[in-house]
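Peer 1: using only what follows, build the 3D model:
(one chain, ligands or ions: 1)
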Amino acid sequence: MQILVTGAAGVVGTEVCRKLTAKGHTPVQVARRAPAGSDVIAWNMGSEPAPEHLRRDWDVMVHTAASTRWTMSRDEATSATIAPLRAALELAGPGTHLVHVSTAYLAHGGTAASGVPEFDGYRNGYEWSKSICEGLVGGHPGAATIVRPPLILGRRDDGGIARFSGPYTLLQTLVSGLAAVVVGEPDGYAEIAPVDQVADAVVEAALGVPPAERVIETVAAGSHCLQLTRMLDIILGSINEWRAGQGLDPVPRPPMLSADQWHRFYLPLVHEYLSPVQAEAVELLGMFEAYTSMPEPFEPTSVVSDPAEVLRRSVAYWMATKPRLARRTPEPWQLVA
Ligand SMILES: NC(=O)c1ccc[n+]([C@@H]2O[C@H](COP(=O)([O-])OP(=O)(O)OC[C@H]3O[C@@H](n4cnc5c(N)ncnc54)[C@H](OP(=O)(O)O)[C@@H]3O)[C@@H](O)[C@H]2O)c1
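Peer 2: Numbering: from 1, shown residues only. Sure thing, here's the model as predicted:
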């Protein structure tokens, strides 16, 4: 079977390639940069022409290459996410089953309460570009499966993950003290999925019978979904248990403010006094609000059971891999005069 995996060095691509290899397949792997000593082929998709040897009759193309940055402008998201998909589609023929990794947050459509007109009602440039990508997948003449994960954490068994991005920023801001407050709804839902389950959904689609009609798989906890207060309890509980074992003071629990309180009362008052680093943290953490305070969980086709355990293992793996960060003494905010 001729299988191409794009974004093969990233969080999802690494796990997908591991699983395909374990099942006896030899996927051709591409990423923007080729990690030293790996089988990955370097190709900056959308900016460089495809290497000639990638022009073949692919049975399956798993497309994960994209930027996961929420703060992208339309132009940035077009080149970072839409252009790589267009480049992949140029290599896909009518006999290619395209397995495209999207995001579960498109379930809200471009009508989220926090939608932005610049992004056609989506909440940010990332979601906007993923919606355009799903439209492009609809134009692929062959079979197509779309896999929609929520926030991705480490593997269920050991918390392992190829890179710490997205949700891991929250851990870093908590231990550094940059998360002076947590903004969100205490009962809001926060969907997470272990990377191995996301990869299972991708691999099952890739090796299964190509669907006659486009299929959408959503990996999420649904009725088991964590709520923000519990999520914070688990994160701080895991960090502080580990710190106690190291003889370190616990990380204090930041106060929780509703988005309304924060945006209407607190932020306008403090904004001009924030240092550039604090302002950047506020912008980044602001992006999390929508992801950790959902009014309803998703309706999964692949159910994430016991997400609390996934979160505990993922935090433990992060601390074991980044002990210097996990040992930091949180610095309380000081306002710039
Ligand atoms: N992580 C999450 O929480 C999450 C949640 C929902 C959906 N998703 C979706 O899952 C997919 C994979 O995300 P991820 O977390 O695995 O991302 P990631 O860890 O950032 O990895 C992205 C991979 O794509 C490659 N890539 C990016 N732009 C490229 C380009 N122009 N040409 C070639 N390769 C390029 C990167 O190459 P380098 O290795 O050289 O950087 C990297 O290998 C994305 O479509 C994302 O939208 C992710």
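
Peer 1: for L151, what are its contacts?
Peer 2: By CB atoms under 8 Å, 6 or more residues apart in numbering, the contact set of L151 is 166-167, 190-193, 291. Using the backbone N, CA and C atoms, a C-beta is placed for each residue, glycine as well.

Peer 1: dump these to TSV, plus neighbour count, distance to the ligand and pLDDT.
Peer 2: TSV is the format used below for those (neighbours: other CB atoms under 10 Å; distance: CB to the nearest ligand atom, whole Å; pLDDT from 0 to 100):
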residue	neighbour count	distance to the ligand	pLDDT
G166	17	4	85
P167	21	6	87
A190	25	12	94
E191	26	10	96
I192	24	9	97
A193	27	8	98
Y291	23	9	86
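
Peer 1: those in strands, which ones?
Peer 2: 190, 192-193 (DSSP state E).

Peer 1: remind me what the helix or strand where V62 lies packs against, helices and strands.
Peer 2: Using DSSP states H and E, V62 sits in strand 60-63. Judged by 3 or more CB pairs under 8 Å, 6 or more residues apart in numbering; DSSP states H and E, the packing partners of strand 60-63 are strand 3-6, helix 83-90, strand 97-101, helix 195-207.

Peer 1: ranking those by burial, who's on top?
Peer 2: Most buried of these by mean neighbour count (mean count of other CB atoms under 10 Å) is strand 97-101; its value is a mean of 27.

Peer 1: ok, residues contacting the helix or strand following that one?
Peer 2: For strand 97-101, the following helix or strand on the C-terminal side (DSSP H and E) is helix 125-138. Contacts with helix 125-138, where a contact means CB under 8 Å, 6+ apart, come from 66-74, 76-78, 80-82, 85-86, 89, 98, 100, 102-103, 105-106, 110, 119-120, 122, 144, 146, 214.

Peer 1: give the buried subset of these as a ChimeraX selection command.
Peer 2: In ChimeraX syntax, the buried subset of the contacts of helix 125-138 is picked out as below (16 or more other CB atoms under 10 Å):
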select :66,67,68,69,70,72,77,78,80,81,82,85,89,98,100,102,103,105,106,110,119,122,144,146
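
Peer 1: near the ligand too, which of the contacts of helix 125-138?
Peer 2: The subset of the contacts of helix 125-138 within reach of the ligand, counting by CB under 6 Å from any ligand atom, consists of 66-68, 103.

Peer 1: give me the lowest-pLDDT entry from those residues.
Peer 2: Among those, T68 carries the lowest pLDDT, at 93.

Peer 1: quick one: contacts for that one?
Peer 2: 126, 165-166.

Peer 1: name the SS class of it, please.
Peer 2: coil (DSSP: H, G, I helix; E, B strand; the rest coil).

Peer 1: just E331 next, same as before
Peer 2: Going by three-state DSSP: E331 is coil.

Peer 1: surely it touches A180?
Peer 2: No - counting by CB atoms under 8 Å, E331 does not reach A180; the two are 10.0 Å apart.

Peer 1: quick one, which of the two is more surrounded?
Peer 2: Using other CB atoms under 10 Å, the more surrounded residue of E331 and A180 is A180, with 19 against 10.

Peer 1: state the distance from the closest residue to P141 other than its chain neighbours to G139.
Peer 2: Distances taken as CB to CB, 6 or more residues apart in numbering put P94 closest to P141, at 4.4 Å, once the chain neighbours are dropped. According to CB to CB, to the nearest Å, P94 and G139 sit 12 Å apart.

Peer 1: up against the ligand, what does the stretch 151-300 of the chain have?
Peer 2: So the stretch 151-300 of the chain meets the ligand at 151-152, 163, 165-166 (CB under 6 Å from any ligand atom).

Peer 1: need the max-distance pair from these.
Peer 2: Across those, the longest distance by CB to CB is 13.7 Å; it joins L151 and R163.

Peer 1: which neighbours do those two have in common?
Peer 2: Joint contacts of L151 and R163 (CB under 8 Å, 6+ apart) do not exist.
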